[in-house]
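Visitor: sequence-free structure coming up:
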C-alpha cells in the first residue's frame, strides 16, 4: 500500500501538487482550489504537530473510530468522494493558492522525518505510524484526484 513515508510516493505527490493551478476545477465537492490547498495545509500541520492543536478523540470516534480506521487502511481503495472536512473546512473563497501550494509540498517532504508521537486523530483515535502514513497518502490523493491532479 502507498504510504507518505515512502520517498517515491512523496515525490509522486509533490509532482501532482505541482500540476495544480489557480484555474484547477473540482470534479466533485464544494471546495475551490484555494480552499482545498488551504484545507490540506492546515490538516497536515495538525498531523505533523505544527501549531497548537489539542489532540482528543470524540465520543463517536471512541465507539466507531478503530473499526472505521481499519476500513480506511486495509487496502489500496481510495477515499470516497464528498467526505466531510469537519473542523478543517475552509470558508474563505480566495487566497494565495500558489504560496499555499509551496507550503503543502514542503509538508509532504517533511513526512520523510515524521515524529509526532502525540498525534491522536479526532475520529480514529491513536494511530500506529504505518496507519498514519497510509491515511495521509489517501487524504492527499483524495484531494488531488478531486482536482484532476
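Guide: Yep, that arrived. Predicted, not measured: the structure shown is a model, and the values here were computed from it.
Visitor: Can you classify residue 47 as helix, strand or coil?
Guide: At residue 47, secondary structure determined by DSSP: H, G, I helix; E, B strand; the rest coil is helix.
Visitor: Return the residues in contact with it.
Guide: Shown in contact with residue 47 (Cβ atoms under 8 Å, 6 or more residues apart in numbering): 116, 119, 132, 136. Any C-beta I mention is one placed from the backbone N, CA and C, and that applies to glycine too.
Visitor: Then residue 71?
Guide: Contacts of residue 71 by Cβ under 8 Å, 6+ apart: none found.
Visitor: pretty sure it belongs to a strand, no?
Guide: No - secondary structure of residue 71 (three-state DSSP): helix, not part of a strand.
Visitor: quick one: it from residue 55, how far?
Guide: As for residue 71, its distance to residue 55 is 22 Å (criterion: Cβ to Cβ, to the nearest Å).
Visitor: same check, this time on residue 17
Guide: In this view, residue 17 and residue 55 are 26 Å apart by Cβ to Cβ.
Visitor: Quick check: phi and psi at the residue of the chain most remote from its centre.
Guide: The outermost residue of the chain relative to its centre, with distances by Cα atoms, centre = their mean, is residue 63 at 22.9 Å. Per-residue torsions, residue 63: phi -80, psi -50 (degrees, to the nearest 10).
Visitor: Go through the helix or strand bottoming out on mean pLDDT in the chain and flag the buried ones.
Guide: Lowest mean confidence among the helices and strands of the chain (mean pLDDT, DSSP states H and E): helix 59-73, at a mean of 89. Neighbour counts using 16 or more other Cβ atoms under 10 Å place 61, 65, 68-69, 72-73 of helix 59-73 among the buried residues.
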